[in-house]
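In: generate coordinates for the sequence data below:
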Amino acid sequence: MATLLAALLAAPGRASAASLQEVTGFGTNPGALRMFRYVPDGLPAGRPVVLALHGCTQNAAGYGTGSGWPELADRWGFSVVLPQQQSANNPSSCLNWFQSGDTQRGQGEAASLAQMVDRQLADTGADPSRVYVTGLSAGGGMTAVMMAAYPEKFAAAGIVAGLPYGCAQAAGSPYVCMYVGATQTPRQWGDRVRAARPGYGGPWPTLTVLHGSADYTVRPANMTDLVEQWTDVHGADQTADTTDTVAGYPHQLFRDPSGRVVVETYGITGMGHGQPVDPGTGGEHCGTAGAYALDVGLCAAYRLGRAWGLG
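Out: Predicted structure coming up:
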């Protein structure tokens, strides 16, 4: 089953340039992941960190190049942690967003990712209040895991073609979660997050979701479920406060009772399963088109970086 699921998920002030480097010995690493990072040459202390999680059949370097995160790190001055799955954990290199042993605080892959963040903060003197997490597909599912299990570590998150926390368990099957979505109320979705970090009262990461309307690997219903989950966690309602278009695509903002934007969505009309990119040299361009990096005239990494104040 794990092999089949992996295959299904697969069908998803400027510093100078540096290179991707592997880091070993970053903790007990109970999830047996590999850690890579991109730190622009001459990056000063006190800068942000982005934890960027690849999808199935991908690796750290390929996802970095496709998504555009390292080029934005050079442009805007921050570092990027790019974890990499190992085939011994998942035959198609999917992060195990659906396995209970990898999605709980202090265990498995979730704990390994948290240890990577801690190592990056220690090594680079980065700002612990400006750490962000994002991912594509299975990496998007694991992004929701990190938001729920380690909310104190992340200011905000970006989920691309991903799934809400606890979706596989709520649906009774990862396949139902991917192809249909789970039948949960917003409160039930929110309760799954709150149960992941008992006694935690906030703050919670804010969330931006990007999803293709023609995604048949992870259905767009999962974006709706993510909105319901995280608006409930933030005490907001499920009605968008602002609806407009960005680069021609539907865009919505959801605000909490104080007026702060806590959830943001981009519905990428006609896009299938993958990371939206917009290759080029202009200010809003980033990414490189390829497998699961889809040139749709909007770069997800750029939009996330602007929302997080990285630019």
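In: residue furthest from the geometric center of this structure?
Out: G42 (26.6 Å; Cα atoms, centre = their mean).
In: separation between that residue and A307?
Out: 26 Å (Cβ to Cβ, to the nearest Å). To be clear about C-beta, it is placed using only N, CA and C from the backbone, and glycine gets the same treatment.
In: follow-up on the earlier one: model confidence score at the residue farthest from the centre of the chain, please.
Out: Among the per-residue scores, G42 shows a pLDDT of 96.
In: G172 too?
Out: With respect to pLDDT, G172 has a value of 89.
In: go on, S258?
Out: Taking S258 on its own, its pLDDT is 97.
In: neighbours around it, how many?
Out: 9 (other Cβ atoms under 10 Å).
In: quickly note the distance from it to T242.
Out: S258 is 15 Å from T242, by Cβ to Cβ.
In: now do stretch 229-238, average pLDDT.
Out: On average, stretch 229-238 scores 98.
In: quick one: that stretch to chain centroid distance?
Out: 18 Å (Cα atoms, centre = their mean, to the nearest Å).
In: can you mark which positions in it are buried?
Out: By 16 or more other Cβ atoms under 10 Å, the buried positions in stretch 229-238 come out as 229-234, 236.
In: right, and Y132 touches L304 too?
Out: Yes - in this structure Y132 lies within contact range of L304 using Cβ atoms under 8 Å: 7.5 Å.
In: joint contacts of those two?
Out: Counting by Cβ atoms under 8 Å, 6 or more residues apart in numbering, the shared contacts of Y132 and L304 are G158.
In: and the helices in the stretch 101-250 of the chain?
Out: Here the stretch 101-250 of the chain has its helices, by DSSP state H, counting those that start in this stretch, at 108-124, 138-149, 167-171, 174-179, 186-196, 221-233.
In: dump the ones you listed into CSV; add distance to G64 as well.
Out: Below are the helices of the stretch 101-250 of the chain laid out as CSV (distance: least, Cβ to Cβ, whole Å):
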stretch, distance to G64
helix 108-124, 14
helix 138-149, 12
helix 167-171, 26
helix 174-179, 25
helix 186-196, 28
helix 221-233, 24
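In: gap between the most centrally placed residue in the chain and D215?
Out: Central residue of the chain (Cα atoms, centre = their mean): T134, 2.2 Å from the mean position. With distances taken as Cβ to Cβ, T134 is found 17 Å from D215.
In: just T143 next, same as before
Out: 16 Å.
In: more neighbours, the two?
Out: T143 (33 against 22).
In: looking at the more buried one now. What's its pLDDT?
Out: Confidence score, pLDDT, at T143: 98.
In: same check on the one 3 residues further on?
Out: Taken from the predicted model, the pLDDT recorded for M146 is 98.
In: confirm for me that it is in contact with A110.
Out: Yes - when contacts are counted by Cβ under 8 Å, M146 is listed as touching A110 (6.5 Å).
In: can you tell me the element the nearest residue to Q21 once chain neighbours are set aside falls in?
Out: Closest residue to Q21 apart from its sequence neighbours, by Cβ to Cβ, 6 or more residues apart in numbering: R37 at 6.0 Å. In this assignment (DSSP states H and E), R37 forms part of strand 34-38.
In: packing partners for that strand?
Out: With contacts defined as 3 or more Cβ pairs under 8 Å, 6 or more residues apart in numbering; DSSP states H and E, strand 34-38 has these neighbours: strand 20-23, helix 60-67, helix 69-76, strand 79-84, helix 108-124.
In: I'd like to know how far the residue nearest to Q169 when sequence neighbours are not counted sits from G108.
Out: In space, and not counting its chain neighbours, Q169 is closest to S100: 7.3 Å by Cβ to Cβ, 6+ apart. From S100 across to G108, the span is 9 Å (Cβ to Cβ).
In: and the two? which has more neighbours close in?
Out: G108 (20 against 12).
In: thought the more buried one was touching Q99?
Out: Yes - contact status for G108 versus Q99: in contact at 7.1 Å, counting by Cβ under 8 Å.
In: shaky segments in the protein?
Out: For the chain, residues meeting the criterion pLDDT under 70 lie at 1-17.
In: rerun that using 90 as the cut-off
Out: Residues of the chain meeting the criterion pLDDT under 90: 1-18, 172-175, 281-283, 311.
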